[in-house]
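A.B. asks: Sequence plus predicted model, see below.
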Amino acid sequence: MKSEYPMNHFLDIHKTSAADLHGIIDQAKAMKQARQGRPKGMLDDELPLAGQMVALIFEKPSTRTRISFDVGVRQMGGQSMVLSGKDMQLGHGETIADTARVMSRYVDLIMIRTFDETVLTEMAEYATVPVINGLTDRTHPCQIMADIQTYEEHRGPIKGKKVVWAGDGNNVCASFLHAAAQFGFDLTFTGPAQLDPEEEFVGLARRAGSKVVIERDAVKAVAGADLVVADTWVSMHDSQSSKERRHNMLRPYQINDALMAHAKEDALFMHCLPAHREEEVTSSVMDGPQSVIFDEAENRLHAQKAIMRWCLGL
């Protein structure tokens, strides 16, 4: 029998209540503060995942997601099992539904980083343990939870602020639109029309009361921005010819010192990494005083620890 989501799956930001999202951020901040100055391998004072087994499934390669989830599970006293696409071959030979049912008999929590969103949703539909979206081709909610934690650590509540996304309206941009709806900030997208974010996600944020603007002129877009965000222009799976086309399209949207000068004086810069320096962003911005990219990367650990606790009711 299909699950009716009787537990706390973390599938997308707009599918989790605003109150729960704020609670996750608050707990992430508290857990980070509690670890200040401690060795990375030292266990947390609380061990909420003691005795818990977490499956980390990576159909899509990863650095930050894999390390941050694995370390987070261990710091909280749990055990992790890392599985690659080669280990599992999801949907090949056994249905995803059956895999979800079987895995639910062995583990307490599943995190999956995959390509097709339907793999995630089917896993959640049939699993009887919580499922976390570690990334799909369509969304990347864990990254944006870390981004919001990072912004609020540096500048206070993100509500009412202007966020500018420059480049490709990709899966990370999609989750930013979901977050705009839930956290109450405005978002301006600047990029070529061919790479606009999905209308469904734009509409969702607008219906929630967020101001969403599509602005082709990058200078106009960043005017008055509190936060400027970029992401890589190319995927590891893109062909050489595709990479060249995308570079030509996106070159006017590079984040550099001249562009950042049009944002607010105290505006922050974020990038989820890995970055291609001197392509979507210059090194002078990445390493400059407005950049918080490495705080952002660290906060993947703390935000995801809080997400896992929320999923397990801990």
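C.D. replies: Noted; the coordinates are in hand.

A.B. asks: Tell me the secondary structure at the residue nearest the centre of the chain.
C.D. replies: By C-alpha atoms, centre = their mean, the chain has its centre lying nearest to Gln143, at 1.9 Å. What DSSP: H, G, I helix; E, B strand; the rest coil gives for Gln143 is helix.

A.B. asks: which residues sit in contact with it?
C.D. replies: Listed by C-beta atoms under 8 Å, 6 or more residues apart in numbering, the contact partners of Gln143 are Leu135, Val172, Ser175, Cys272, Arg300. C-beta here means a position set from N, CA and C on the backbone, and glycine is covered the same way.

A.B. asks: elements contacting the helix or strand hosting the last one?
C.D. replies: Read that as Arg300. In this structure, Arg300 sits in helix 293-312 according to DSSP states H and E. Packed against helix 293-312 by the contact rule (3 or more C-beta pairs under 8 Å, 6 or more residues apart in numbering; DSSP states H and E) you find helix 18-34, helix 64-75, strand 109-113, strand 131-135, helix 141-155, strand 268-271.

A.B. asks: picking up where we left off before, just the buried ones out of the contacts of Gln143, please.
C.D. replies: Buried by 16 or more other C-beta atoms under 10 Å: Leu135, Val172, Ser175, Cys272, Arg300, out of those.

A.B. asks: how close does the first one get to Val172?
C.D. replies: It stands for Leu135. To Val172, Leu135 is 9 Å away according to C-beta to C-beta, to the nearest Å.

A.B. asks: Reformat the contacts of Gln143 as CSV; add pLDDT and distance to Ala205.
C.D. replies: Putting those into CSV (pLDDT from 0 to 100; distance: C-beta to C-beta, whole Å) gives the following:
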residue, pLDDT, distance to Ala205
Leu135, 97, 20
Val172, 98, 15
Ser175, 98, 11
Cys272, 97, 19
Arg300, 98, 23
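
A.B. asks: Which residue ranges of the stretch 151-300 of the chain form helices?
C.D. replies: For the stretch 151-300 of the chain, the helices defined by DSSP state H, counting those that start in this stretch cover 171-183, 199-207, 218-222, 240-250, 257-260, 283-286, 293-312.

A.B. asks: and Gly78, which of those helices is closest to it?
C.D. replies: Between Gly78 and the helices of the stretch 151-300 of the chain, the tightest spacing by C-beta to C-beta is seen for helix 293-312, at 8.2 Å.

A.B. asks: quick one: buried residues of the closest one?
C.D. replies: Within helix 293-312, the residues that qualify as buried are 293, 295-312, counting by 16+ other C-beta under 10 Å.

A.B. asks: repeat for stretch 39-58
C.D. replies: Across stretch 39-58, burial judged by 16+ other C-beta under 10 Å covers Asp44, Pro48, Leu49, Gln52, Val54, Ala55, Leu56, Ile57, Phe58.

A.B. asks: Just the closest of these to Met103, please.
C.D. replies: Ala55 (5.9 Å).

A.B. asks: quick one, what contacts the closest residue to the closest one other than its chain neighbours?
C.D. replies: Nearest non-adjacent residue to Ala55, counting by C-beta to C-beta, 6 or more residues apart in numbering: Val107, 4.4 Å away. Neighbouring residues of Val107 by C-beta under 8 Å, 6+ apart: Met53, Val54, Ala55, Met81, Val129.

A.B. asks: What is the neighbour count of His92?
C.D. replies: By the criterion of other C-beta atoms under 10 Å, His92 has 9 neighbours.

A.B. asks: Distance of it relative to Ala174?
C.D. replies: 27 Å.

A.B. asks: Can you say which of the helices and strands packed on helix 293-312 is nearest to Asp98?
C.D. replies: Of all the helices and strands packed on helix 293-312, strand 109-113 sits nearest to Asp98, with 14.1 Å by C-beta to C-beta.

A.B. asks: what about Lys86, neighbour count?
C.D. replies: Lys86: 8 neighbours (other C-beta under 10 Å).

A.B. asks: again but with Gln27, I slipped
C.D. replies: Counted with other C-beta under 10 Å, residues neighbouring Gln27 total 18.
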